[in-house]
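Novice: A structural model of the following input is requested.
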Amino acid sequence: EGLWFEDVDPGTGVVGGNLTLAQARDAAVMTSYSVYWGLNSTHKLNSLVVLSFAATPSGGNLTLQLLAGTTMPEDATHFLAFASSTSGESIMARATEVVD
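Specialist: Sure, this is the predicted structure:
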C-alpha cells in the first residue's frame, strides 16, 4: 500500500505529474480515495479534495494526472490519500512528500 508522485512541472511553486495509489488489500469494500494537500505525512492542510480516485474491486494501482501548473499551497509538504467506504472516510492516510 502506498502513494507516489513525481513533479514534472519545472516551475517553482507549481506541480504536475502522475499520482499513483496502491489500493488497500481489502479493496472490495472501498468505494473511493480522496487526495488532499498535507501539512505533513499525517495531517490535512484543509478539507479541499485535490483529486479523487474511484476504487476498483480488483485492487491494484490507480493513476491520475495532476495537471501541470497546479499551485502548491505554501504550507503543503505532502499529498495524503484517504480511503472511503460506505462507513465513511478512513482516519489513516497514505502519504507522499511533494518535492517541487
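
Novice: show me the contacts for Gln23.
Specialist: With contacts defined as Cβ atoms under 8 Å, 6 or more residues apart in numbering, Gln23 is in contact with Glu1, Met30, Tyr33, Ala55, Thr56, Gly59, Gly60, Asn61, Leu62. All C-beta spots, glycine's among them, are computed from the backbone N, C-alpha and C.

Novice: so where do the strands sit in this protein?
Specialist: Using DSSP state E, the strands of the chain run over residues 3-5, 14-22, 32-38, 51-54, 61-71, 78-85, 88-97.

Novice: helix or strand with the lowest mean pLDDT in this protein?
Specialist: For the chain, scoring each helix and strand by mean pLDDT, DSSP states H and E identifies strand 51-54 as the least confident one, at a mean of 92.

Novice: need the strands of the chain in JSON lines (columns: distance to Lys44 and mean neighbour count).
Specialist: As requested, the strands of the chain are exported to JSON lines (distance: least, Cβ to Cβ, whole Å; neighbours: other Cβ atoms under 10 Å):
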{"stretch": "strand 3-5", "distance to Lys44": "14", "mean neighbour count": "18"}
{"stretch": "strand 14-22", "distance to Lys44": "16", "mean neighbour count": "18"}
{"stretch": "strand 32-38", "distance to Lys44": "5", "mean neighbour count": "21"}
{"stretch": "strand 51-54", "distance to Lys44": "14", "mean neighbour count": "14"}
{"stretch": "strand 61-71", "distance to Lys44": "17", "mean neighbour count": "13"}
{"stretch": "strand 78-85", "distance to Lys44": "6", "mean neighbour count": "21"}
{"stretch": "strand 88-97", "distance to Lys44": "8", "mean neighbour count": "15"}
